[in-house]
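Undergrad: Return a 3D structure for these sequence lines:
(2 chains)
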Amino acid sequence: MRSIKPTLPKGTRDFNPLVMAKRNHIVSVIEGAFELNGFQQIETPAMENLTTLTGKYGNEGDQLLFKVLNSGDFLLKADRGSLEDEDSARFGRSITEKGLHYDLTVPLARFVVMNRNDIHFPFKRYQIQPVWRADRPQKGRYREFYQCDADIIGSDSLVNEIELLRLFDSIFRDLSLDVEIQINNRKILEGLAIHYEVGGRFTELTIILDKLDKVGIKGVCEELERNDFPTQMIEMFSKDVASGTLEGNKALDIIEEWFNFANIQVGQKGVQEVRELMSAAASDKVKLKLLLARGLDYYTGCIFEIKSMETEFGSLGSGGRYDDLTSLFGLDGVSGVGISFGLDRIYDVMTELDRFPETVDDNADILLVGFDDQCILKSLDYADTIRKAGIKCEVYPDKVKFKKSMKYSDQRGFKYVGIIGEEELKLDVIALKDMSTGDQEELAVSKVIDRLKG
RNA sequence: GUGGCUGUAGCUCAGUUGGUUAGAGCACUGGAUUGUGGUUCCAGGGGUCGUGGGUUCAAAUCCCAUCAGUCACCCCA
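TA: Here you go, the predicted model:
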């Protein structure tokens, strides 16, 4: 038979046992903190209807959705006209109605609306699941990756933002990662857009402004020009950058003055919120970054972003408040705020910095090896006894050359091997070999347990 | 969607100005050692040289196309 070359879809990965042990370590830290803070776990399907997913992430986002071909004879409902017109988007819509979820927040909104009668608000939920994006993969970017989300729905108190900031802080502390928690507020960005007299294009504007650190003032102005922002506005902006009004601690005061002067109320509200948050955050990790614009389209208030202080990497987490997400599904007046941890990037950073505890990949403590069928069966009995004492125990199932089972136990990293041969069987003992020293001793099973527990 | 780099054994890679039967390390199997792992020694299996075309007496090597991977941009966790 001709064999098929084994391959993985682009941007996906297998996780071997060692990798899983490390990933589980991260998940258990995050999950433990979520639980301690009273978040309750939910899970939603890998697939959602495209009507649920599309139009929530902006144009770019919609293009990055993985779509699932309709089952059965999908050509029956296919829009043949669009095929003739070579309109892939329209044709695609006619043969797909499901897609893999792009994040966990939109499914949450759908969940909340569908289950509103059974939910007690404020609803604190957490969710740890893979998400899929049809992006070009590169370092730290995958097409399938895990997000660990904690959200609070149905409360617009800033206390929630404060709690989530603390959660960010404590989790990254527990993972021994030094990060900066950058915060900003979309309302300030909106105010800035009004100040620069392009109120309707504030997301677009602020995404460009956000690149100031990266491409400099010249690069930003060029991009503003390319996107047809008014020349007057660009001049005003470069003047603001030159005078330093958009950076540093004084910036907030100056921007507030603009907002007061022109009576830009959104902006004033944003400044007020950020002030409150900064003073309550009680962590030196939290940094105000006035031009921070990143995050999905649906954010309306505070936005958060996690940057590693120790390595160059994309963001390790993000979050923000969204006021209107559930209204898209017909439920008004339910505001939510949430944060998300990027498991895969945290893994990559921790691997690069070698931050995993030694103990993450601890294997079973003892392997039992029998020489013949009778010995192997007897070792199953021993194994039961040993496991009842809370010791991880495995039985080698095959009758093979002893050397081979020894090699296996060495490779798997067992601390002890329990050998059961004819002699041992007769005396009802196990020849217990300490794999690190090579020492061997014949002991009754109860003594073996004592030894391993001690 | 745009650009750079790379495709040779399961993995990591070497392969000279194009030249006979394409190599190494690791991994795997067997043996030295039939009741003892890690070290060592010996032997063995394993290849459409990404794919298709072209140049040539001759292509892993040169040219073209294509596919795949990867990195960067865009955007994002």
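Undergrad: CA only for contacts and neighbour counts going forward, please
TA: Fine.
Undergrad: now stretch A:66-74: mean pLDDT?
TA: The predicted model assigns stretch A:66-74 a mean pLDDT of 90.
Undergrad: is it anywhere near RNA strand B?
TA: No - counting by Cα under 7 Å from any atom of the strand, RNA strand B is not contacted by stretch A:66-74; separation bottoms out at 12.9 Å.
Undergrad: which SSE is whatever residue of the stretch 351-454 of chain A ends up closest to RNA strand B in?
TA: Nearest to RNA strand B, among the residues of the stretch 351-454 of chain A, is A:G438, at 3.1 Å (Cα to the nearest atom of the strand). Using DSSP states H and E, A:G438 is not contained in any helix or strand.
Undergrad: what's around it, how many residues?
TA: 9 (other Cα atoms under 10 Å).
Undergrad: Give me the phi and psi for it.
TA: phi 90, psi 0 (degrees, to the nearest 10).
Undergrad: Likewise for A:Q41?
TA: Taking degrees, to the nearest 10 as the convention, A:Q41 sits at phi -80, psi 140.
Undergrad: give me the beta-bridge partners of it?
TA: Under DSSP bridges, the beta-bridge partners of A:Q41 are A:Y126.
Undergrad: what number of residues lie near the residue of the stretch 1-150 of chain A found nearest RNA strand B?
TA: Nearest residue of the stretch 1-150 of chain A to RNA strand B: A:Q138, at 2.9 Å (Cα to the nearest atom of the strand). By other Cα under 10 Å, 9 other residues sit near A:Q138.
Undergrad: for A:L425, same thing?
TA: Neighbours of A:L425 using other Cα under 10 Å come to 16.
Undergrad: who's in contact with it?
TA: With contact taken as Cα atoms under 8 Å, 6 or more residues apart in numbering, A:L425 is in contact with A:C375, A:K378.
Undergrad: roughly how far apart are it and A:E442?
TA: 11 Å (Cα to Cα, to the nearest Å).
Undergrad: Equivalent analysis for A:R173, please.
TA: 46 Å.
Undergrad: near RNA strand B, which residues of the stretch 1-150 of chain A?
TA: Looking at RNA strand B, the residues of the stretch 1-150 of chain A close enough under Cα under 7 Å from any atom of the strand are A:8-11, A:60-61, A:133, A:135-143, A:145, A:147.
Undergrad: Can you tell me how far A:V113 is from A:S327?
TA: 9 Å.
Undergrad: Which one's more surrounded, the two?
TA: Taking other Cα under 10 Å, A:V113 and A:S327 do not tie; A:V113 has more neighbours (20 against 15).
Undergrad: average pLDDT across the helix or strand where that one lies?
TA: Here A:V113 is covered by helix A:105-114, with elements defined by DSSP H and E. Helix A:105-114 comes out with an average pLDDT of 96.
Undergrad: Just list what that helix packs against, helices and strands only.
TA: For helix A:105-114, the helices and strands in contact under the criterion 3 or more Cα pairs under 8 Å, 6 or more residues apart in numbering; DSSP states H and E are helix A:50-53.
Undergrad: and after the helix it packs on, which helix or strand comes next?
TA: helix A:58-63.
Undergrad: which helix in chain A runs the most residues?
TA: If you go by DSSP state H, chain A has its longest helix at helix A:17-36.
Undergrad: tell me what that one is packed against?
TA: Helix A:17-36 packs on helix A:158-174, helix A:343-353, going by 3+ Cα pairs under 8 Å, 6+ apart.
Undergrad: among those helices, which is nearest A:K287?
TA: Distance to A:K287, taken as Cα to Cα, is lowest for helix A:158-174 among the helices and strands packed on helix A:17-36, at 11.1 Å.
Undergrad: show me where pLDDT drops low in chain A?
TA: Applying pLDDT under 70 to chain A picks out residues A:1-3, A:248, A:295.
Undergrad: what's the burial count for A:T7?
TA: Neighbour number of A:T7 under other Cα under 10 Å is 6.
Undergrad: before we move on, the earlier item: residues in contact with the helix holding A:V113: which ones?
TA: Residues contacting helix A:105-114 (Cα under 8 Å, 6+ apart): A:44, A:48, A:52-53, A:56, A:101, A:119, A:149, A:325-326, A:329-331.
Undergrad: how does it look with 7 Å?
TA: Residues outside helix A:105-114 that contact it (Cα atoms under 7 Å, 6 or more residues apart in numbering): A:T44, A:L53, A:L325, A:T326, A:F329, A:L331.
Undergrad: Most neighbours out of these, which is it?
TA: A:L325 (25 neighbours).
Undergrad: and the closest residue to that one other than its chain neighbours, how many residues sit next to it?
TA: Leaving out its chain neighbours, the residue that sits closest to A:L325 by Cα to Cα, 6 or more residues apart in numbering is A:A109, at 6.3 Å. When neighbours are defined as other Cα under 10 Å, A:A109 has 22 of them.
Undergrad: same check, this time on A:G154
TA: 18.
Undergrad: Excluding chain neighbours, give the residue nearest to A:T51 in space.
TA: Nearest residue to A:T51, sequence neighbours excluded (Cα to Cα, 6+ apart): A:E97, at 7.6 Å.
Undergrad: gap between that neighbour and A:K407?
TA: Counting by Cα to Cα - A:E97 and A:K407 are separated by 53 Å.
Undergrad: more crowded one of these two?
TA: For A:E97 versus A:K407, the count of surrounding residues by other Cα under 10 Å is larger for A:E97: 17 against 11.
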